[in-house]
Structure formats: structure tokens, C-alpha cells
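Participant: No sequence on hand, only this structure:
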């Protein structure tokens, strides 16, 4: 019985950790912005995030136009930097530090 409980506990722990890594993350969005977009946008993350309010960033994401808006703000950004696998992370970062959020990133 003890062995079954240990296996079940280990399985729950692994499942819990894997679900956390699948979600988008503000810190990861910040790192991705610094690595992939900062050079082509010619502005730091704080200035980039404050280009819009939280509601505006939400609208872009919900309508599927986040990549288009980023391309408009940063015309030099490569399509690879705007890949769909990064967009959720960018969104979380921009939403967290939008001009009406009161938060300021450290980049």
C-alpha cells in the first residue's frame, strides 16, 4: 500500500509541475522580449508595454491581432520573433506592465 501511495504522489507532483510550465509567464515574456524584440523595437520593455492599456492588449490577443500590432509597433521585427509560440508570453508581459497597470518592469 505504501508503494502505491508513493507512486500516486509522484504522479500528482509531476502532473502539477507540467501544467505550470505549459502556461504563459510574465517573466518568460520579459526574457523573450529582451532576446527577440528589443533590438528591432528600439525601446526597452517598459516603454513597449506602455504603448497600450491592459484592455487594449487584451483586445489584440482576443481578436488574434497581437502579432499584427507588434509588427506595427516594431516594423523591423522578424516573423520568427513573432511566432505564435511566443505570443502568449509577450501578451502576459505587456498586459502586466501596460500603461494603466501601475507596474514597472526591470528592463
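Facilitator: Structure's in. What do you need? Small disclaimer: the values here were computed from a predicted structure and weren't measured. Numbers count the residues shown, from 1 in each chain.
Participant: What count of nearby residues applies to the residue lying closest to residue 54 once chain neighbours are set aside?
Facilitator: With sequence-adjacent residues excluded and distances taken as C-beta to C-beta, 6 or more residues apart in numbering, residue 54 is closest to residue 98, at 4.3 Å. Yep, even glycine has a C-beta here, placed from its N, CA and C like the rest. Using other C-beta atoms under 10 Å, the number of residues around residue 98 comes to 20.
Participant: ditto for residue 79
Facilitator: For residue 79, the count of nearby residues is 8 (other C-beta under 10 Å).
Participant: Tell me the spacing between the residue nearest to residue 54 and residue 73.
Facilitator: With distances taken as C-beta to C-beta, to the nearest Å, residue 98 is found 13 Å from residue 73.
Participant: same thing with residue 105?
Facilitator: When distance is defined by C-beta to C-beta, residue 105 is 16 Å away from residue 73.
Participant: Settle it for me: which of these two has more neighbours?
Facilitator: In terms of neighbours (other C-beta under 10 Å), residue 105 is the more surrounded of residue 105 and residue 73; the figures are 21 against 15.
Participant: just checking, residue 84 touches residue 66?
Facilitator: No - the pair residue 84 and residue 66 does not pass the contact test of C-beta atoms under 8 Å, sitting 9.4 Å apart.
Participant: Can you name the element that comes right after the helix-or-strand element of the chain with minimal mean pLDDT?
Facilitator: Taking mean pLDDT, DSSP states H and E as the measure, the helices and strands of the chain show their lowest mean at helix 2-22, namely a mean of 64. Helices and strands here follow DSSP states H and E; after helix 2-22, the next one along the chain is helix 26-32.
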